[in-house]
Structure formats: C-alpha cells, structure tokens
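Enquirer: sequence unknown, structure follows:
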C-alpha cells in the first residue's frame, strides 16, 4: 500500500546511540517502502554549518539518507529551530531536498500544510524574537564566517541557556496557540496540518470558519522512535522499537 512517512524532532547526536539505532533501522526498513519521507525539522541536535559534514556522525546520517534516495525514496527536509543552518551542501550530500516552512503538499488528493511548528507558539514572545534573529540571512552569513570550533561552542552555550530558560516557562506558553493554528489553516486553505516542535504527539480537530480541520503533531525521538504513516485512506502513528 502506498504511504508517505513523516518524522521530526529526532535531535540526532552521537551521544544517543539507542535513538540512532532506531533511526538507521527506520531508514533501512519502513522508510524504504514509503513514497516519500518528510523530515519536519530538528533532524540534528544542532547543526553548526555544512562544513561540519566531515564529522563522522554527521557523515553517517547523510550517508543513510543518501542510500534511501539511491533506493528511490525521495526525502524532503525542513529546517527546525536546532538545524536552521542546514544548507545545500547537506542537501547534496544527503540526496535530499530542503523545503520551506511552511510548505503545502498534496497527500493523496488532500492539500496538507507542513510546518516545523515553532512559528505557531506565538505566546512565547522571547522565543519568537530569537526565531526571527536566527533566520535572518545576514546574521547566518556572519555566523558562518566564524571558525567551526567557535560556532560549535556558541551553539552549546545557547543550548544550555535555552534549557535554563525553559525551566522558568509554563508548558502552555511553549505550546501552539489556537489563534495561530486557525490563522495557518485560513492562510493556507488546507484542512489538514502536520507539524512537530512541541513534543506533544496527538491528533487535534479544529473548527475554523465552519470547516472541520485536522492537526497532527509528530513525536520527538527522545524516549522512542515514531513516524506518522499517511496512506490514501488511513493516518497512523507507528512506534519503532
């Protein structure tokens, strides 16, 4: 049966061997049967620039995606908040295509909105200001001019600061807002949405201007692996063990 696979928030790093095992087994198993694989952000714990492709772990991940592409399964990768610096060097090495956030696709006859999801968390004003800065082209160019070792160090400091900041925020403020979700449905004209980022996997139903809309939130890969399997007549979350 035809299906499309969706994953996000894997946060891959050499420090998490069990999750890495699940990822590579996924690429070599279920993903090979898919029509298309979509990675909706935060594939890596962080990405310091495409000149980090020589890192052995990064090279292994890109080789795994390249093998999937060589087997005839296209992969599309969206930036998350952790890997916004993925550029064409990565895409070429991985045999993947970088896609914009948001992107609209036709899933077996249904227009579907794909997002990472962080832009929907509009109550978190501090994060939204950071998101805008991090995605500014001139800031990215200036950052990438620094030596790789310095970029890694700055990212590590930023990650530690982010974790401390999260401890002071409520869970609600870090989740999506209903108003932002409804506006995304209106702007796109879609009745289905798939996103990650919040690490709160679920299926939600929204009624927007009298239309019933469906929002699927993808799982993170901290405790286990999971992908959303979208077939012409069935949407199913599949856990990997």
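Expert: Now that the structure is in, tell me what you want to look at. Model, not experiment: these values are computed from the prediction.
Enquirer: let me know the pLDDT of the most centrally placed residue in the chain.
Expert: For the chain, the residue nearest the mean C-alpha position is residue 41 (1.7 Å; CA atoms, centre = their mean). Looking at residue 41, its pLDDT is 97.
Enquirer: so it sits against residue 79, correct?
Expert: Yes: counting by CB atoms under 8 Å, residue 41 touches residue 79, with 6.0 Å between them. Any C-beta I mention is one placed from the backbone N, CA and C, and that applies to glycine too.
Enquirer: how close does the nearest residue to the residue nearest to the centre of the chain once chain neighbours are set aside get to residue 135?
Expert: Distance criterion CB to CB, 6 or more residues apart in numbering; nearest residue to residue 41, sequence neighbours excluded, is residue 80 at 2.7 Å. From residue 80 over to residue 135 the distance is 11 Å, taken as CB to CB, to the nearest Å.
Enquirer: how far is the lowest-mean-pLDDT helix or strand in the chain from where the chain is centred?
Expert: One helix or strand of the chain scores below all others by mean pLDDT, DSSP states H and E: helix 148-166, with a mean of 88. Relative to the chain's own centre, helix 148-166 is displaced by 19 Å; criterion: CA atoms, centre = their mean, to the nearest Å.
Enquirer: tell me what that helix is packed against?
Expert: helix 137-144 (3 or more CB pairs under 8 Å, 6 or more residues apart in numbering; DSSP states H and E).
Enquirer: what lies in contact with the helix it packs on?
Expert: With contacts defined as CB atoms under 8 Å, 6 or more residues apart in numbering, helix 137-144 is touched by 49, 84-85, 133-134, 151, 154.
Enquirer: if I look at residue 192, how far off is residue 100?
Expert: Going from residue 192 to residue 100 by CB to CB gives 18 Å.
Enquirer: got any ranges where the protein has weak pLDDT?
Expert: Scanning the chain for pLDDT under 70 picks out 169.
Enquirer: how about residue 31: what's its closest non-neighbour residue?
Expert: Per CB to CB, 6+ apart, closest to residue 31 is residue 37, 5.3 Å.
Enquirer: beta partners of that neighbour?
Expert: Legend: beta-bridge partners of residue 37 under DSSP bridges are residue 5, residue 75.
Enquirer: hmm, it is touching residue 26, no?
Expert: No: counting by CB under 8 Å, residue 37 stays clear of residue 26, with 9.2 Å between them.
Enquirer: what is in contact with the two at once?
Expert: residue 7.
Enquirer: which stretches in the protein count as helices?
Expert: Applying DSSP state H to the chain gives helices spanning 17-28, 56-70, 88-94, 125-134, 137-144, 148-166, 178-188.
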